[in-house]
Every structure is written in C-alpha cells, then in structure tokens.
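**Student:** Sequence plus predicted model, see below.
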Amino acid sequence: MTGRTAQFAIESLFTDRWSPRAFETAALDDDTLFSLFEAARWAPSANNSQPWRFIYARNGGPGWEQLVSLLNENNKRWATRASVLVLILSKKVHAKDGGEPQPLRNHSFDTGAAWASLAFQAHYRGWRTHAIGGYNRETARVLLAVPDEYNLEIMVAIGRQAALDQLHPDFHAREKPNGRKPVQALVAEGAFSFTD
C-alpha cells in the first residue's frame, strides 16, 4: 500500500503506518478516540509506572484554540485540519508500592511505547496520526497548568487522511511514506559497533 518493503517478515501494519499532513476535518467519535487511549494504556512500562498522560481537544471544541495556539506557524498550516489534537505528557517521578516518589529515568521511553500503541491503533481503525515536536512547551506548561513533575513530550494530530490537494503545496513533496535505515545499521551483537 505504501511501497515500503520490510527486510524481514513483519505485519503490514508496521510498514503501512506513516504520518501524513493532509487531513480532512471529520468527527472522531468517543468510542474510536478512546480506543486509541485504551491501546496506549496497555503499553509496557518499568515497574508498571504508566507515566503517560494525554490532554486532548476536538477540532472546534473546548481547548482546541489553546492547543492550536501552541503550535509553531508551520505546523498550524496543516494541523488545524485534524479532528483531534493530543498533548502527550510523561510523569517524571513514581512512587513504588506507596513509597516516596522517586525520579523515573525511563518516563519518556515508556511514554514513547504508549504513543506508538496509540498510533498503531489509530491506523488499524482507519485514522491517521502525525507527531508534532514543533510547539511551545514553556507556554503549554503555563497555559495548561502542567505541574513540574510532568515532562511535555509531543503533540499528535489525529484525523482522516485527505487528498493531496487539501494540503498547501509547500508540503506536497514530503507528503509520502519515508524509508528507514537498514536493520543492520541499527542492531549490533555483543558490543557497540555503530558508525553514525
């Protein structure tokens, strides 16, 4: 479907999922939206700490303008057509077995697993996601009253993929699935041997 070819046998879900910018503003019902959060909820985490948190807003609904205002100007040009925007946070501390909260070194790593689960569930349900790093984290912390013990990770646009003509021409060249480095460039047996 995407023209991507895996080096080793994997499910097509992994090669078919990609991050478009062309969205049509379609209503995303609660059952579907919360199935994405449900998939994220079951992601693995160290000590079952589950550090991920999600702040969402539907296009035109409560909180939408606040989340849009955080995006950099380039991302506003396409992300405002998405159905939902989600800000993903990770809790930087964890109180194991009711003890004192301790720093959680893997909070971002584990939250990345939750984000991947959300993205794959969205793709499975026929929706598309695009992670957005270009937003104002300092303003987000103040505007959304995010406590210091939470790290602001990424924002995610969720929507139905639209035709290319729905996207500003500036983005057309990048509106396609990209490739990946070969497995051999990412994996080493026994010791560090990477060249990049």
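**Tutor:** All right, it came through fine. Residues are numbered from 1 along each chain as shown.

**Student:** What lies in contact with stretch 92-106?
**Tutor:** Residues from elsewhere that reach stretch 92-106 (CB atoms under 8 Å, 6 or more residues apart in numbering): 45-47, 49, 51, 91, 107, 149-151. C-beta coordinates here come from the backbone N, C-alpha and C atoms, glycine included.

**Student:** which secondary structure elements does the lengthiest helix in the chain contact?
**Tutor:** As assigned by DSSP state H, the longest helix anywhere in the chain is helix 107-124. The criterion is 3 or more CB pairs under 8 Å, 6 or more residues apart in numbering; DSSP states H and E, and the helices and strands that helix 107-124 contacts are helix 12-16, helix 30-41, strand 52-58, strand 84-91, strand 128-132, strand 150-161.

**Student:** Can you tell me which of these is nearest to residue 3?
**Tutor:** Among these, the nearest to residue 3 by CB to CB is helix 12-16 (9.0 Å).

**Student:** Direction included, what does the helix or strand following the closest one pair against?
**Tutor:** Note on helix 12-16: by DSSP states H and E, the next helix or strand toward the C-terminus is strand 23-24. Sheet pairing here is set by DSSP bridges, and for strand 23-24 it gives strand 150-161 (antiparallel).

**Student:** Next, the angle from the strand it pairs with to helix 107-124.
**Tutor:** Note on geometry: by axes from the mean of the first three to the mean of the last three CA atoms, to 10 degrees, strand 150-161 and helix 107-124 are set 10 degrees apart in direction.

**Student:** what's the angle between strand 150-161 and helix 30-41?
**Tutor:** Counting by the same axes, to 10 degrees, strand 150-161 lies at 140 degrees to helix 30-41.

**Student:** and the angle for strand 150-161 with strand 128-132?
**Tutor:** Angle of strand 150-161 versus strand 128-132, following the same axes, to 10 degrees, is 140 degrees.

**Student:** Put the alpha carbons of strand 150-161 into PDB.
**Tutor:** Backbone C-alpha positions of strand 150-161 (Å, rounded to 0.1, in the frame of the first residue of the first chain) are rendered in PDB as follows:
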ATOM      1  CA  TYR A 150       5.500  16.200  34.200                       C
ATOM      2  CA  ASN A 151       7.600  16.400  31.000                       C
ATOM      3  CA  LEU A 152       5.900  17.800  27.900                       C
ATOM      4  CA  GLU A 153       6.600  15.300  25.100                       C
ATOM      5  CA  ILE A 154       4.900  15.700  21.800                       C
ATOM      6  CA  MET A 155       1.600  16.800  20.300                       C
ATOM      7  CA  VAL A 156      -0.300  14.500  18.000                       C
ATOM      8  CA  ALA A 157      -2.700  15.300  15.200                       C
ATOM      9  CA  ILE A 158      -5.300  12.700  14.500                       C
ATOM     10  CA  GLY A 159      -7.700  12.700  11.500                       C
ATOM     11  CA  ARG A 160      -8.800  11.100   8.300                       C
ATOM     12  CA  GLN A 161      -6.300  11.300   5.600                       C
END
